[in-house]
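1. Quick one, structure for this:
(chains A and B)
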Amino acid sequence: MNAFSSSKASGKKLALFLLLTPFALHLFFLILLPHLEILNISLRERVSYGIYKFSLMNYEAFFTEPLYWRTFLRTAVMSILTTAITLIVAFPVAWYIAKVVRGRTKGLLFLACLIPFWVSELVRTYGWMILLRETGVISNLLQWAGLAVGPVEMLYNDATVMLGLVYTSMLFMVVPLVSTLDGMDDSLVEAAYDLGGNGWNALREVVIPYAMPGIVSGCIVVFMLSLGNYLTPILLGGKDSLWFTDQIFTQFITRFNWEQGAAFGVLLLILSSLIVWLGLKLSRQSFSETMGR
Amino acid sequence: MSVMITGLSTRGGIEVLKKVTTAVTLTAGLALSVSANAEELRLLTWGGYAPQEVIDQFEKETGIEVKVTLSNNEDMISKLRATRGAGFDLAQPSQDRVASAQQEFRIYKPMDMSKIDSKPYIQSMLKSTQSSTTVNGKAFGVPHVWGTSGIIANLPEGQDSYRYTDLCSSDYAGSVSYRLKRPTLIAFAFDLGEDPFAAYNDVEKYTQIMGKVEEKLIACKSNVKTYWSGSDNLLNLLRSGEVTLAMGWDAGGWKLGDEQENIRYVAPESGALGWIDTFVLPARGQNDEAAYKWINFVNQPEIAAKITASAGQFTASAEAAKFVDEKLSKKYQASFDQAALDNIKWYPPVPAGLEAIEGRVLDRIKAAQ
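-> Numbering: from 1, shown residues only, chains lettered A, B, ... in the order given. Purely as a prediction, here's the structure:
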């Protein structure tokens, strides 16, 4: 009896071990190891051909050269703005899908949100470029309708970058919002009205608090995606498009300065984690709660 | 970065999307080196340098299969640096970028000149390339394709000569494009009366010259529509008429000239910038024999002419001119008279550390409002 139960326990242990191994290997080799290597590279300074020494120079450069931290700040602010706009645009959409429509239409609407993601980001961005460029569809349409006298250039500015980012991130806001709103009992909203509240009260006191975990998880995903985006800001932003990931790419690929690029990578990881942590603190949510739902 | 969405189900009416899982996967630098087939040549090159027709003919004659990866200068060095010279059997960086990359990262192996058939080459070009790619007394490169950077203009009644600083002229405000890369800095330096190549080994002087260029480029940044990033990108901007004056490669200008008559490539007054793309052997390439065969194969005049037709750029094969399409030769002659030819500024080897100076300048120009 005793022997039997102990062998059963060890069997369980073995199963757990076997199940965990691929995950642990993945975590170690594909996530931890590269990050440690990046950290290692970021902490050295080139002395001469192939000779390096330990140095914090690359981190110093980030804080002493205004260009770099300003670019980071700009990227962070624009990403936060993108997240806010995405939330404002996505919330009514999610509400409509979760609460207003029923049956088949619901599936179709969801599909409509998903379809743009069947093509790659590059194709989507080029699509926007065809629409917005000086000789593009919208510019020609405006001229044809007599609303504009000459060609209108709508590419290569911050507003266009924002537009592209919001478009790219929509789905990642809509999905968590729908899934939390779906679980909300309609009677809660009815109760709010019964107690004398108007639409605004119901939204503020009932719906938003209930949807908070969905909002926060959507915001985290959208923020991280925007911050780490490379294609959209570069292609739509033109000559003034400063984006932090572009700085990292430039250091690695065109300057051969892996040390500086690695330092920027580490800083991006730390600073973006810090911003997410701050956001969670401000919204009084915990990471495990929002992501676990 | 990949984002995976799991749990997409349309059960009954709907009960959709339970979870969004974000999986950020950083692919490790685990070079899973698959040992190359003996009869395979992995070529790291530029667009147009290895046309399918030539590849097919090579395979038919030698039985060696050619696998092409398209790239550019910085990307080639970065790729080979990441693998310490593995993954490719033959690469084609520009001659001025070979020596410093070799000194810094040791990603190439010396060329065995006895295996190169040197007869078909333009001898002066072969010699100069060998000397500019020499590290510790060993030559690492032989020339293949060469060309120039200059001005491409899409103007109905254009002038005959242009300067790089015309890109800053208010006549073309908002319809100018160039690359935010080192050739632009060099070009402007020449136009401002400096000789950046002579200052290559004088850090102080070079920094001062670049400072001057920086000032100029920041002052006229408002002129620029957008910085172009790739050849197709530039051709599109010029073709649509959104950009009328640009700094670009000769082949691009000639190609557009075929489509629209008023687009021309002009060698600027201060001289077009000349580059030569080479053949080099990556340090851990696995099929050197095939690499030498390919080098000798593409330098036969008929084959070289085919590459010229495909890339729009001329090669180091001396006799190839006879086989080159007449239309292209005409355009070449229209862009370069003897004086313009003599005035081409050929890039000398870039000493290490120079790119750091240029990098800071480029960063500041990019950030300027």
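2. Residue B:41 sits in which helix or strand?
-> Using DSSP states H and E, the element containing residue B:41 is strand B:40-45.
3. List of residues touching the next helix or strand after that strand?
-> Once the chain leaves strand B:40-45, the next helix or strand it forms, by DSSP H and E, is helix B:52-62. Contact with helix B:52-62 is made by B:64-66, B:68, B:290, B:293-294, B:297-298, B:303, B:306-307, B:310, as judged by C-beta atoms under 8 Å, 6 or more residues apart in numbering or on different chains. Where you see a C-beta, it was placed from the backbone N, CA and C, and this is true even at glycine.
4. Can you pull the residues of the stretch 201-350 of chain B lying near chain A?
-> Contact residues, the stretch 201-350 of chain B versus chain A (C-beta under 8 Å from any C-beta of the partner chain): B:221, B:224-227, B:229, B:240-242.
5. which one of those sits closest to residue A:272?
-> residue B:229 (25.8 Å; C-beta to C-beta).
6. so what's that closest one up against?
-> Residues in contact with residue B:229 (C-beta under 8 Å, 6+ apart) are A:234, B:179.
7. Out of the residues of the stretch 201-350 of chain B next to chain A, grab the one that's most surrounded.
-> When neighbours are counted by other C-beta atoms under 10 Å in any protein chain shown, residue B:224 leads those with 26 neighbours.
8. sorry, back to before: same list (the residues of the stretch 201-350 of chain B next to chain A) but as TSV, adding secondary structure and distance to residue B:203.
-> Listed next are those as TSV, based on DSSP: H, G, I helix; E, B strand; the rest coil; distance: C-beta to C-beta, whole Å:
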residue	secondary structure	distance to residue B:203
B:221	helix	26
B:224	strand	29
B:225	coil	34
B:226	coil	32
B:227	coil	26
B:229	coil	29
B:240	coil	42
B:241	coil	42
B:242	coil	39
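9. which one of those residues is nearest residue A:105?
-> Minimum distance to residue A:105 across those is 40.9 Å, recorded for residue B:240 (C-beta to C-beta).
10. Buried residues, the strand holding residue B:41. List them.
-> Across strand B:40-45, burial judged by 16 or more other C-beta atoms under 10 Å in any protein chain shown covers B:41-45.
11. Tabulate these (a markdown table), appending distance to residue A:166.
-> Formatted as a markdown table, the buried residues of strand B:40-45 follow (distance: C-beta to C-beta, whole Å):
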| residue | distance to residue A:166 |
| --- | --- |
| B:41 | 46 |
| B:42 | 42 |
| B:43 | 42 |
| B:44 | 38 |
| B:45 | 39 |
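12. sorry, back to before: among the contacts of helix B:52-62, which one has the most neighbours?
-> When neighbours are counted by other C-beta under 10 Å, residue B:290 leads these with 26 neighbours.
13. quick one: the residue lying closest to it once chain neighbours are set aside from residue B:310, how far?
-> Distances taken as C-beta to C-beta, 6 or more residues apart in numbering or on different chains put residue B:41 closest to residue B:290, at 4.2 Å, once the chain neighbours are dropped. Using C-beta to C-beta, to the nearest Å, one gets 18 Å for the distance from residue B:41 to residue B:310.
14. Not counting its own residues, what contacts stretch A:164-171?
-> Outside stretch A:164-171, the residues that touch it by C-beta under 8 Å, 6+ apart are A:78-79, A:82-83, A:85-86, A:89-90, A:93, A:113-114, A:116-117, A:121, A:124-125, A:128, A:221-222, A:225-226, A:229, A:232-233, A:235-236.
15. My error: substitute stretch A:269-276 in the last question.
-> Taking C-beta under 8 Å, 6+ apart as the rule, stretch A:269-276 contacts A:35, A:72, A:76, A:80, A:220, A:223-224, A:227-228, A:287.
16. so of those, which ones are in helices?
-> In helices, defined here by DSSP state H, the members of those are A:35, A:72, A:76, A:80, A:220, A:223-224, A:227, A:287.
17. what stretches of the chain score poorly on pLDDT?
-> Defaulting to chain A. Low-confidence segments of chain A (pLDDT under 70): A:1-7, A:289-293.
18. Let me rephrase: I mean chain B.
-> Applying pLDDT under 70 to chain B flags residues B:1-38, B:158.
19. residue contacts, the residue of the stretch 201-350 of chain B found nearest chain A?
-> For the stretch 201-350 of chain B, the residue closest to chain A is residue B:226, as judged by C-beta to the nearest C-beta, at 3.9 Å. For residue B:226, the contact set (C-beta under 8 Å, 6+ apart) comprises A:155-156, A:238-239, B:177, B:237.
20. Out of the residues you listed, who's the most crowded?
-> That'd be residue B:177 among the contacts of residue B:226, by other C-beta under 10 Å, with 26 neighbours.
21. Which residue ranges make up each domain of chain B?
-> Per automatic domain parsing, the domain ranges recorded for chain B read B:40-146+B:275-338, B:147-273+B:349-367.
22. among the ones you listed, which is nearest residue A:100?
-> With C-beta to C-beta as the criterion, residue A:100 lies closest to domain B:147-273+B:349-367 of these, at 42.5 Å.
23. and that closest one, how far from the chain's centre?
-> How far domain B:147-273+B:349-367 lies from its chain's middle: 14 Å, per C-alpha atoms, centre = their mean, to the nearest Å.
24. Just give the number of residues close to residue B:101.
-> Residue B:101 has 26 nearby residues by other C-beta under 10 Å.
25. Please save the CA atoms from whichever helix or strand it is part of in CSV.
-> If you go by DSSP H and E, residue B:101 is part of helix B:98-105. The C-alpha atoms that make up helix B:98-105 are tabulated as CSV, following Å, rounded to 0.1, in the frame of the first residue of the first chain:
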residue,chain,number,x,y,z
VAL,B,98,36.5,45.3,-46.4
ALA,B,99,39.8,46.2,-44.6
SER,B,100,38.3,47.7,-41.4
ALA,B,101,35.7,45.0,-41.0
GLN,B,102,38.5,42.4,-41.4
GLN,B,103,40.7,44.1,-38.9
GLU,B,104,37.9,44.5,-36.4
PHE,B,105,35.9,41.3,-36.7
